[in-house]
Every structure is written in structure tokens, then in C-alpha cells.
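Q: pasting the sequence and the predicted coordinates here, then a few questions.
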Amino acid sequence: MDIEDRIRDAVREDRPEPSLQFHGRVMSSLPDRTVAARRPAWASADFARFVGLAAVVALAVAVVGLPLLQSKPGIVTPGESPSSTVVETRSATAAPIGHFTPTGAMAMKGGGLATLLADGRVLVLGGSATPELYDPGTGKFRPTGSMSTSRGSETATRLLDGRVLIAGGQDGTDPLASAELYDPATGTFSPTGSMATGRQGQTATLLTDGRVLIAGGYHSGMGAVVPADAWASEVGITRPSSSTDAVRLGNLASAELYDPRTGTFSPTGSMAQGRNWATATLLADGRVLVVGGLVDGTLTLSSAEVYDPATGSFSLTGSMPDARFLSSATLLADGRVLVSGGLLMNGGSRTDVSVALLYEPQTGHFVQTGALAQPRDTATATRLEDGRVLVAGGFTWPSDVPASPKGPVSLSVSSVEIFDPNTGKFSDAGSMTIARATHSATLLLDGRVLIAGGIDMTATTADELGSAELYQP
């Protein structure tokens, strides 16, 4: 039984949980768009304009999602315990295609990280907006307590005791080292220990012993603007003037552990490669797989590393055949990890990835599996009760859309696909009621999936969404 099942007191016995990847909120603003949309920053508030807009993509999930988030950008991903037996729960008969129906709307626009609480409600964060709770029983959102600090590109992780750890992010100026806890019983946020390093775009993963692994991310705000190229100058990437961390242009390789018993962070082993907006997935044996990510705002990574809580160290594992970030990583019922979608950057060019990969923990290798019909990044990928994976929305970079004065244009998509681990293929699963990217996707206790917020990007507008919908398998 995985961590999520234990937290929810075995609400539904033997039901597999999804990989929840939290995706960071992606924000954008272009002069030729009629509506400005907020997106998460990588290196500064201006860097938030890099992902998913016509010319500038700022980074999410997120996920995990991040999902997320574990599931988009970022991401807590529940896994099976080392002693559990992992079995495929899907029957040989193909399940019917589900459908989407609207549900209550949020007061906030765009939404942000979504976290399933132990009682079945969903906590949705929204930067400077008041956090909201979704009640599946009423189908409505309502406000809850406010965070002590406005944050973007932070992580949200539900602990074993049901509280939610919110860590890092940025406040529009600098990365934050602070963290706070949300208590569902009181509906309030309270400060907890701070990280040693301010981070945004990091990963956060709940370990089997209840601690939380915070890894990588981006640290900026010190030093002069890096004169790398015109784009780097425009978005304001900064080089730290001094740091004891493994940093290249602000990309962090270090990691920290949060202990809920003491409310403090402590250092642990560092990754071989500094990276931000990677995915992190808790494997069935308790280790954590960190995949891909971005370096310096222009270099996409194909490498992957595995963190072992027993030794407190990272080790390199097999690399992906292609580099990508803003992808989704989903733990399957058989212990493999599905890596789907993502964005490949090479200098000024941007290409969405359609080919999906499977990571096999036993061999440490990535193998190619089916391809998405629609290449996309910042999509959500949610494991359903029957073991299939629902891939919804995201951004795509169509070649037939004229570029804006600042560069190519990304568009939100409404299409949905389902991955079947038994066949290794994706199939059409219809469409959401509206195109969304950087939204959240949360598997509810009754098996439905809550899709909330996001950005509806067209060639001329970028609208932050307050709407939500439910997927019924």
C-alpha cells in the first residue's frame, strides 16, 4: 500500500493511487496579447515570461503537476512501499472513454498547485491570491486561510499527518528559503523552518519515512545580468556573486530534507547536475528518480539521477534518448515510470516532444514507448484507478502559427489522451471543455479527476482561467 493510501486510512482498499505531479503556475505577458497571464519565474520575475507564451516561456506545475506533482512542475509522486507487491490492476477489457463536465469555479484566476487532503478536499494555491478548498461533495470552491508570503514556483507536499508543506518559490524579486505548513483542521498556515538556500522551480518528494526531499531549483537575485545573449539579457538571468552551493548560473545541485517531527531542514547529498523544473518520482523501493530539467534557461537536460534515502546520496542512472523539461513523470502500477511530453530547447528553438519513455528501475534504463498524438508540454498526467494514465492539455508549438515580434507562439490545447501500460500506446480520450495549460489535475477519492485553472493561450490572447471541470472515467 502506498503512502497516499496510508494517509487516507485505506479509504478504498487496494486502489492504486496516481502519480501526482505538481506543475508550477506558468505566467506570461506579451505586448500584442489582449490579456496578460501570470507564470512562474525561473531566475527572476521577468524570467516568468519565458514559458508558454507566444515568445517567452516561463516555467511551470505545476506539474507536477505537477499532480503533482507529484504529479507538473513540481512534483510529489506517491510510490509503493518496499514491502508491497506491485500488481497491474487493469482488466483485459478496455475501459470506455470518460467525459468532462464543468464544476464550481475558483475566485482566483490561473490557479496553481493542487493538493489532495486526507478528507478528500483539494487545496489550491494561487500565488498572491487567497488559497481555496474544493469540496467534491458540493462541487464548490471556497476560500481558506492565507499564506504568510506570496509565492510563485513553490512546492506543496502533503505530509503523513495530513498537513501540507509549502516551500520556497519566489515573491517577484528573489527566491525564498522560507516554508510554511497548512493545517486542514484549522484552515490556517503557520511558519516552519527555512531551507538553507532560497529556491524556485525545485522538486519536493514525500519519502516513505515521512521526510520531504527538496532537490535542485534555481537561485538568482545576486550579481549582474549574465551577458549570454539577447534573450538572457531580456529575461534577466543573474549570476550569483558568491555561493557555497553547486551552482552554474544559479542552477542548484544541492538538496535538503525536511523533517516534520522537528520542523527543520537539513542538508543531504547533492546531485551531479544542477537543474530546475525537473521531475521527481518516488519509486516503489523508496528511492527518488529525478529526470531532465533545465540549465541556464537555454540548455535542456537528458540526464537522470536517483536519490537513495538510506545513504543520503544521488547517483546517475540511465539518460533519456532526448532532452526535455516541463514533462510529466508518472509512477505506474508495475513500478515503471512514464515520462510523457515536455519541451526541448536548443538555443532559440523550441520543440515539444511527442515520444514517451518508460524508466525501468530494475535496469536503470529508459526505453521508448508509444507517442502522443499531440506533442505538448506542461500537461498533467494522472494515473487512474484502473492503472491507465490521463494526459490532459498543455502547450504546443505549432509550426503553422506566425511568430510574434518576440519569437514563436505557443498555444494551449484541450485534447486529452490516455496511456495504456498494457499496450504501451496512447489513445484519444476526447477533449476538456476548454483549452488549458499549466493547470492542475487531482485524482479524487471517488476516482474522478479534478482539472482546475490554467491558461488558455491563443495566438493573440492569454487568459488565466478560474474555471474547473471533472473527468469521469
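A: Now that the structure is in, tell me what you want to look at.

Q: use CA for all of it now, contacts and neighbours both
A: Fine.

Q: tell me the buried residues in stretch 202-216?
A: Buried positions in stretch 202-216, judged by neighbour count with 16 or more other Cα atoms under 10 Å: 202-208, 210-216.

Q: any idea of the mean pLDDT in it?
A: Across stretch 202-216, pLDDT averages out at 98.

Q: and if you look at stretch 302-318?
A: Rounded mean pLDDT across stretch 302-318 is 98.

Q: buried stuff in it?
A: Within stretch 302-318, the residues that count as buried by 16+ other Cα under 10 Å are 302-309, 314, 316-318.

Q: in what helix or strand does the spatially closest residue to residue 204 that is not a sequence neighbour lie?
A: Among residues not flanking residue 204 along the chain, residue 214 sits closest, at 4.6 Å (Cα to Cα, 6 or more residues apart in numbering). Secondary-structure element containing residue 214, defined by DSSP states H and E: strand 212-215.

Q: partner strands of that strand and their direction?
A: Applying DSSP bridges, strand 212-215 is found paired with strand 203-206 (antiparallel), strand 255-259 (antiparallel).

Q: can I get the ones you listed in CSV including distance to residue 470?
A: CSV is the format used below for those (distance: least, Cα to Cα, whole Å):
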stretch, distance to residue 470
strand 203-206, 26
strand 255-259, 33
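
Q: quick one on the thing from earlier: partners of the residue nearest to residue 204 in the sheet?
A: Note on residue 214: beta-bridge partners by DSSP bridges are residue 204, residue 256.

Q: distance check, it against residue 343.
A: Distance check for residue 214 against residue 343: by Cα to Cα, to the nearest Å, it reads 23 Å.

Q: repeat for residue 291
A: For residue 291 relative to residue 343 (Cα to Cα), the value is 13 Å.

Q: contact partners for the nearest residue to residue 421 once chain neighbours are set aside?
A: The shortest distance from residue 421 to any non-neighbouring residue, by Cα to Cα, 6+ apart, is to residue 388 (6.4 Å). Residue 388 makes contact with 90, 418-421 under the criterion Cα atoms under 8 Å, 6 or more residues apart in numbering.

Q: before we move on, what about residue 303?
A: Residue 303 neighbours (Cα under 8 Å, 6+ apart): 291-292, 316-320, 323.

Q: show me the shaky parts of this protein.
A: 1-96, 220-249, 347-348, 399-408 (pLDDT under 70).

Q: what ranges do the helices span in it?
A: Per DSSP state H, the chain carries helices over the ranges 3-7, 230-235.

Q: what's the most distant pair in the buried residues of stretch 302-318?
A: Farthest pair in the buried residues of stretch 302-318 (Cα to Cα) is 302 and 309. Separation: 23.2 Å.

Q: picking up where we left off before, out of residue 291 and residue 343, which sits in the busier spot?
A: Comparing residue 291 with residue 343 by neighbour count (other Cα atoms under 10 Å), the higher total belongs to residue 291, at 29 against 26.

Q: and the more buried one, what does it touch?
A: Counted by Cα under 8 Å, 6+ apart, residue 291 has contacts 278-280, 302-305.

Q: what do you get if the cut-off is 7 Å, keeping everything else the same?
A: The contact partners of residue 291, taken as Cα atoms under 7 Å, 6 or more residues apart in numbering, are 278-280, 303-305.

Q: output the residues you listed as a markdown table; include the columns distance to residue 426.
A: Listed next are the contacts of residue 291 as a markdown table, based on distance: Cα to Cα, whole Å:
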| residue | distance to residue 426 |
| --- | --- |
| 278 | 23 |
| 279 | 21 |
| 280 | 23 |
| 303 | 25 |
| 304 | 24 |
| 305 | 27 |
